[in-house]
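Colleague: Pasting the sequence and the predicted coordinates here, then a few questions.
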Number of protein chains: 4
Amino acid sequence: MPDYNVGILGATGAVGQKFIRLLQDHPWFTIAALGASSRSAEKTYREAANWIEATAMPGTVADLVVRECEPSQFTGVDFVFSGLDSSVAGDVERTFAEAGIPVISNAKNFRTDPTVPLLIPEVNPDHIEMIGSQTFTKDGSGWIITNPNCVAVPLTTSLKPLFDTYGLESVILTSMQAVSGAGYPGVPSLDIMGNVVPLISGEEPKIHEEPLKLLGSLSGGTLTHADFPVQATATRVPVINGHLLSVTVGLHKKPGSADEVKELYRNWKSPIADLDLPSAPDYPIFYYDDERYPQPRLHADAENGMRTAVGRMRSSAVLDLSYIAMAHNTVRGAAGGAILNAELLVRREYL
Amino acid sequence: MPDYNVGILGATGAVGQKFIRLLQDHPWFTIAALGASSRSAEKTYREAANWIEATAMPGTVADLVVRECEPSQFTGVDFVFSGLDSSVAGDVERTFAEAGIPVISNAKNFRTDPTVPLLIPEVNPDHIEMIGSQTFTKDGSGWIITNPNCVAVPLTTSLKPLFDTYGLESVILTSMQAVSGAGYPGVPSLDIMGNVVPLISGEEPKIHEEPLKLLGSLSGGTLTHADFPVQATATRVPVINGHLLSVTVGLHKKPGSADEVKELYRNWKSPIADLDLPSAPDYPIFYYDDERYPQPRLHADAENGMRTAVGRMRSSAVLDLSYIAMAHNTVRGAAGGAILNAELLVRREYL
Amino acid sequence: MPDYNVGILGATGAVGQKFIRLLQDHPWFTIAALGASSRSAEKTYREAANWIEATAMPGTVADLVVRECEPSQFTGVDFVFSGLDSSVAGDVERTFAEAGIPVISNAKNFRTDPTVPLLIPEVNPDHIEMIGSQTFTKDGSGWIITNPNCVAVPLTTSLKPLFDTYGLESVILTSMQAVSGAGYPGVPSLDIMGNVVPLISGEEPKIHEEPLKLLGSLSGGTLTHADFPVQATATRVPVINGHLLSVTVGLHKKPGSADEVKELYRNWKSPIADLDLPSAPDYPIFYYDDERYPQPRLHADAENGMRTAVGRMRSSAVLDLSYIAMAHNTVRGAAGGAILNAELLVRREYL
Amino acid sequence: MPDYNVGILGATGAVGQKFIRLLQDHPWFTIAALGASSRSAEKTYREAANWIEATAMPGTVADLVVRECEPSQFTGVDFVFSGLDSSVAGDVERTFAEAGIPVISNAKNFRTDPTVPLLIPEVNPDHIEMIGSQTFTKDGSGWIITNPNCVAVPLTTSLKPLFDTYGLESVILTSMQAVSGAGYPGVPSLDIMGNVVPLISGEEPKIHEEPLKLLGSLSGGTLTHADFPVQATATRVPVINGHLLSVTVGLHKKPGSADEVKELYRNWKSPIADLDLPSAPDYPIFYYDDERYPQPRLHADAENGMRTAVGRMRSSAVLDLSYIAMAHNTVRGAAGGAILNAELLVRREYL
């Protein structure tokens, strides 16, 4: 069984806490070091963190002394997960990579870097090879890999079978996003209780661009992005966990029927299905026949929050197909996705 | 000042209660008779109704004795508003029309009848003429007019300036609908608290069809429906009042910019602006410059709930324009719309 | 390992579904028969039930054919759990007991019967003996046992250490109850979203009376109820699961300090701690030092929803102590409590 | 008609915004100056404020230039309302009073000052006289008056008839408080959606002490506080506006019945009933016969949010009476209460 010591950067924040909770009983990865801002450094994690997860803070983590986010403080870890805020992630992650410590990042800073893989293991596992073109260190020991925006994950995962089978012409979507996506303290209750906010600042450009990189094709070490327009309206709704998307797509080849597409989803096999990764769900795409589903409160936690749920597949009178997709935004769309990325990197012997 | 005695059919239901509240201090219309099922008949309204409005039941209405929904019980009223459930509205409304009592209906039963106007005064006031082709009575004294579905109202109102200026090619929308739209008891709290339900049974076909009738052109007494595809995904969200729509449209003529379209909305003049109808808002379409707006909790009640609010107008990478529309579903989208219909009918001397 | 075939009465309702979910992987009990109203009988459970639990319907249960709630349909089960509505539970449960089938009931009908134990294993395990005085069958093979109201459970559990140590003089409480306590469809969303309803019909008398039976003393087969006044205000709040109680108590002996009482809770040992019952939590009472806790959304699910959480213990300027108690109302306060009752009955060889 | 120019200190905060909205069409008071922190000074109010009220920012106010909170900037105003945060209110309010500008404050800083009246016009209008003992200026031109904590208002108002008629022995209450009470951004949505938080830091001591000052008796210029213990548990619930209290009281004289007490409330006459103050409600105490009432979402806005609603009056098995009280926390419990204080001061010729 693989056995790694891992560090967590941004350990006191909402994403960092989720990393800690999800790694609590991980069979391969042991939390060996926690990093946060200098305000938290030198305190025990118990003192430094305002713990917001519903399960208790793991005892072994509670007693760890928080360190500053500097590579010299993280000797002895095999790699780090980064849950840093984007305001600092760029510099810190670069410093770690340059020091020869691989960085599995959830931040957006390096997502558009042409040498940094933006990775969903079930969608584009071969993009891992881009790591070879990174130049953070001479010997290649330090590198960065990122996971996508929390809407881009269920969107691109649900698009993948359509993209491969029919070719994508265009995508229009409206997202209804949970408050946990904004971190803590995040969305004020006065803004969202009994309400919908039809803007999430800075969100839509990520939804427009990340699917094109994720569905891009790698050839001779160079990634060519996919080429179709995506147009998103990102809204916030009073939901705790689970981003729900209403998606309409135009396709190059026309499916015979919506039922044909449902079968496509039901029979879809993930490219990592046989790798036996600890965090991989049995159904990375799960199609619900009940037209009332998926719903965030009922289904976001299915298979430990690692599924993309799909439902209501039907023909569209304007483009070709319409459907609903949903995934747990802070698990599949953030920390859980990063952990699955690390597991794939282990199997592929990058770690 | 016009002075009419009105009856309310379905007076104990959620829509009926909204009629009562909105008519409470109406300058033209006085509630003279209340109709409900035989279970309620012969009781005072105070006894019969489980009052759910936030303001107190009007004292004059509380003491009225509820009647059965039969024309013989409604002698002395000039016309009736119908807030009946669609399971009974068809037969009852027909009976009233045949008895020579005009029916201003909120039910869906006659909306698709080719002789019955589906009316939004600011959108298609000339459709009133269709009343002339109705045959409920020989002398034309009894007739029926309807208001649209609560999503169709803000959708079609916000489409109207685009339809007239650029021509509509296609419409894709996702609605986020308030729980009050399902009446009382309506949506169970266990279904919707902290959740989104991505299906509202029976809703989407109405959204697909009603805008085409509303934007149809009347010629020689015959209505030709507008001709463009509409594709809707209707969802329920934990909001009390106010349906919010994320709309993307394709246009025949291309606007120069989103700003041009914002100006179009700001300068749009309602065809009934000069009629001085008591329930008509000053801004039947109100464009919000703040990109975070409109929001149901903050803006559904503006101008007594009679506005359609619009915001976030921008170019779409897939079709031509995307925007947000929102209106109070049980006021503008139901009882308030019906009252405005009646006011227009008074001014046009149908009443 | 014990091995029992169990039936569930009222299997399609909210409590019945919770029984099914909690028994899904139970080491001792196998669901062998499901009973519901004649409307559901003869259908598979998949067809008959509107499944509202967040986890998927267990496959083995989905294919069971639902039966009418008659003893002749339940031959082969060792006992039944009853999640029946109180409108029918009285007659049905009696019929089963008379037919020699033990009934572990969650309904209120027999709670006040002087021969029927009202049981919380950690509070009054010895009350089981009352079964011996039941006369449903001549040979004692059929009997009934009940679990308390969902507020009475955390209330009485949290009172137990105080009752034993200091003696109770009086109890005043305000409950803030979750919507799941009203079943499905239960509380309309229009009633409770963004609101508090300060009345739960019929609830307060149960809260006043059940603690006195639970804390009663059994002597020579006769139960003498405890004797102190309880005064409750039961309110409904927009919470999914978890009833939270604000409790103030007067005591016969005065504690030295609130800290002394916190220690009492921390050191309290459950009378069933050594029985190794599968559903028994490690901490039937868990005291939270953080004054912001317990909270229903964060803590109701702790230890599979079987804990009573306590916090904010402090002196009261009016009576003696004030504190917060909280438990999962449909698990610890209903189906989970009934299952623990059955486990105790197994260990005590009543089953 | 009285005619005053008023200033608002803390104008950009949540309380300041509420002052602006409530004063928008006030018949006596015209907003002439707005004060905020130096960060906002020199900007127009439109630029400086993140407007969170549901109604539009009044146009006349939007164009006012915000000033620093210094008396020299407020020449020309007759008095100021203070919605300042308590972290700065103490110094600023003192400075204004010393400069001869009367301060009508909503902050807590001077509430316990023995020379500063803590005022609810319907409860203790005579306490105004304490102003005479203030020494901020030699000529008495500058002084401070405060309104109570938002729970203390409905609590003390509802206690007043009991205090006068029966004498109060003790009070136990649990408050369920709306999120608007914490200002903006205030309570994070992740903390309160679908949840109850059983602690509001710093709130309970105010609830314990303020009623005793409010019900104190003034004799020879000296205030003797009332003398009975109050014990509060303050909780936060997912409600927008309206604090609801579950109150149990012990009385010196025993009422004949709960009905007698209901009559007492129904017949209670406010001591300011004949003064015709613009913001005074017709029913400062309104008793609801329907046991499901009052509810914050339905009743907080009654009479412009200026009522204290009472319901569920009944005998208590532990003390003497139990009941529910509720009032709009940011109107009656804050800005609206301060405005009513100012109106009384006008009528009593202190302004």
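Modeller: Perfect, I can see it now.
Colleague: pLDDT value on the nearest residue to residue A:2 once chain neighbours are set aside, please?
Modeller: Distances taken as CB to CB, 6 or more residues apart in numbering or on different chains place residue A:28 nearest to residue A:2, at 4.3 Å, with adjacent residues excluded. Bear in mind the C-beta positions are built from the backbone N, C-alpha and C, glycine included. pLDDT, residue A:28: 98.
Colleague: So if we follow the domain assignment, how does chain A break up?
Modeller: A:4-149+A:335-347, A:152-328 (automatic domain parsing).
Colleague: Need these in a markdown table (columns: mean neighbour count).
Modeller: As requested, these are exported to a markdown table (neighbours: other CB atoms under 10 Å in any protein chain shown):
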| stretch | mean neighbour count |
| --- | --- |
| domain A:4-149+A:335-347 | 20 |
| domain A:152-328 | 21 |
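Colleague: can you list these in JSON lines and add distance to residue D:347?
Modeller: Formatted as JSON lines, the domains of chain A follow (distance: least, CB to CB, whole Å):
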{"stretch": "domain A:4-149+A:335-347", "distance to residue D:347": "49"}
{"stretch": "domain A:152-328", "distance to residue D:347": "35"}
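Colleague: Let me know which of these is the nearest to residue B:110.
Modeller: domain A:152-328 (24.6 Å; CB to CB).
Colleague: Start and end of that closest one, how far apart?
Modeller: End-to-end distance for domain A:152-328: 12 Å, by CA to CA, to the nearest Å.
Colleague: Okay, and the residue in the stretch 251-351 of chain A that chain D sits nearest to sits in which element?
Modeller: Relative to chain D, the nearest point of the stretch 251-351 of chain A is residue A:297 (9.0 Å; CB to the nearest CB). Element membership of residue A:297, judged by DSSP states H and E, is helix A:296-299.
Colleague: need the strands for the stretch 101-250 of chain A, in chain order.
Modeller: A:103-105, A:144-146, A:168-177, A:217-219, A:222-224, A:230-236, A:243-251 (DSSP state E, counting those that start in this stretch).
Colleague: average pLDDT across the longest one?
Modeller: Per-region confidence: strand A:168-177 scores 98 on mean pLDDT.
Colleague: how far away is the closest residue to chain C within the stretch 101-250 of chain A from chain D?
Modeller: Of all residues in the stretch 101-250 of chain A, residue A:194 sits closest to chain C, at 4.9 Å by CB to the nearest CB. Distance of residue A:194 to chain D, computed by CB to the nearest CB, to the nearest Å: 7 Å.
Colleague: Please tell me I have it right and that residue contacts residue B:238.
Modeller: Yes - contact criterion CB atoms under 8 Å: residue A:194 and residue B:238 qualify, at 6.6 Å.
Colleague: Mutual contacts of the two, please.
Modeller: Shared contacts of residue A:194 and residue B:238, defined by CB atoms under 8 Å, 6 or more residues apart in numbering or on different chains, are found at A:238, C:193.
Colleague: Now do the helices in chain A.
Modeller: Assigned by DSSP state H, chain A shows helices spanning A:14-23, A:45-48, A:59-62, A:86-98, A:152-165, A:189-192, A:203-214, A:258-267, A:296-299, A:302-305, A:336-347.
Colleague: what's the closest of those to residue D:224?
Modeller: Once those are compared by CB to CB, helix A:189-192 is nearest, at 40.1 Å.
Colleague: and that closest one, anywhere near chain C?
Modeller: No - Helix A:189-192 stays clear of chain C (CB under 8 Å from any CB of the partner chain), getting no nearer than 10.4 Å.
Colleague: so what secondary structure elements neighbour that helix?
Modeller: Using 3 or more CB pairs under 8 Å, 6 or more residues apart in numbering or on different chains; DSSP states H and E, the elements in contact with helix A:189-192 are helix D:189-192.
Colleague: now the helix it packs on, how far from the centre of its chain.
Modeller: Computed by CA atoms, centre = their mean, to the nearest Å, the chain-centroid distance of helix D:189-192 equals 26 Å.
Colleague: Contact residues of the stretch 151-300 of chain A facing chain C?
Modeller: Counting by CB under 8 Å from any CB, the residues of the stretch 151-300 of chain A that sit close to chain C are A:193, A:194, A:240, A:297, A:298, A:299.
Colleague: Ends of stretch A:26-41, what's the gap?
Modeller: OK, stretch A:26-41 end separation, CA to CA: 25 Å.
Colleague: Please apply the same query to stretch A:20-33.
Modeller: Note: stretch A:20-33 ends 11 Å apart using CA to CA.
Colleague: Run the chain-centre distance for it.
Modeller: Worked out by CA atoms, centre = their mean, stretch A:20-33 lies 18 Å from the chain centre.
Colleague: how near is the closest residue to residue A:232 other than its chain neighbours to residue D:335?
Modeller: Excluding its sequence neighbours, the residue lying closest to residue A:232 (CB to CB, 6+ apart) is residue A:207, at 4.0 Å. Computed as CB to CB, to the nearest Å, the residue A:207 to residue D:335 distance reads 41 Å.
Colleague: before we move on, the earlier item: so the residue nearest to residue A:2 makes contact with residue A:5?
Modeller: No - under the criterion of CB under 8 Å, residue A:28 makes no contact with residue A:5, lying 10.6 Å away.
Colleague: ok, back up a step: tell me the contacts of the residue nearest to residue A:232?
Modeller: Applying CB under 8 Å, 6+ apart, the residues near residue A:207 are A:149, A:151, A:152, A:155, A:173, A:175, A:230, A:232, A:234.
Colleague: Let me have those in CSV, extended by distance to residue B:17.
Modeller: Converted to CSV, these look like this (distance: CB to CB, whole Å):
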residue, distance to residue B:17
A:149, 44
A:151, 40
A:152, 45
A:155, 42
A:173, 37
A:175, 35
A:230, 44
A:232, 39
A:234, 36
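Colleague: Please name the nearest non-neighbouring residue to residue A:332.
Modeller: residue A:306 (5.2 Å).
Colleague: and that neighbour, how far is that from residue A:157?
Modeller: Counting by CB to CB, the gap from residue A:306 to residue A:157 is 11 Å.
Colleague: Overlap in contacts, these two.
Modeller: What both residue A:306 and residue A:157 touch, as defined by CB under 8 Å, 6+ apart, is the set residue A:284.
Colleague: Nearest spatial neighbour of residue A:13, chain-adjacent residues omitted?
Modeller: residue A:83 is the one closest to residue A:13 (CB to CB, 6+ apart), at 5.7 Å.
Colleague: Just the pLDDT for the one you found.
Modeller: For residue A:83, the predicted pLDDT is 96.
Colleague: re earlier: which pLDDT does the model give the residue nearest to residue A:332?
Modeller: 98.
Colleague: OK, contacts around it?
Modeller: Counting by CB under 8 Å, 6+ apart, residue A:306 has contacts A:279, A:280, A:281, A:284, A:328, A:331, A:332, A:336, A:340.
Colleague: So which of those is the closest to chain C?
Modeller: Ranked by distance to chain C (CB to the nearest CB), the contacts of residue A:306 are led by residue A:328 at 12.5 Å.
Colleague: From what I see, the closest one and residue A:300 are in contact.
Modeller: Yes - with contact defined as CB under 8 Å, residue A:328 counts as touching residue A:300 (4.3 Å).
Colleague: what residues are shared contacts of these two?
Modeller: With CB under 8 Å, 6+ apart as the test, residue A:328 and residue A:300 both reach A:241, A:242.
Colleague: Tell me which residues touch the nearest residue to residue A:191 once chain neighbours are set aside, please.
Modeller: Nearest non-adjacent residue to residue A:191, counting by CB to CB, 6+ apart: residue A:197, 6.2 Å away. Residues near residue A:197 by CB under 8 Å, 6+ apart: A:187, A:191, A:235, A:236, B:292, B:295.
Colleague: I'd like those residues as CSV, with distance to residue A:43 appended.
Modeller: Conversion of those to CSV gives the following (distance: CB to CB, whole Å):
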residue, distance to residue A:43
A:187, 27
A:191, 32
A:235, 38
A:236, 33
B:292, 37
B:295, 40
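Colleague: Closest one to residue D:90 out of the residues you listed, please.
Modeller: residue A:191 (30.2 Å).
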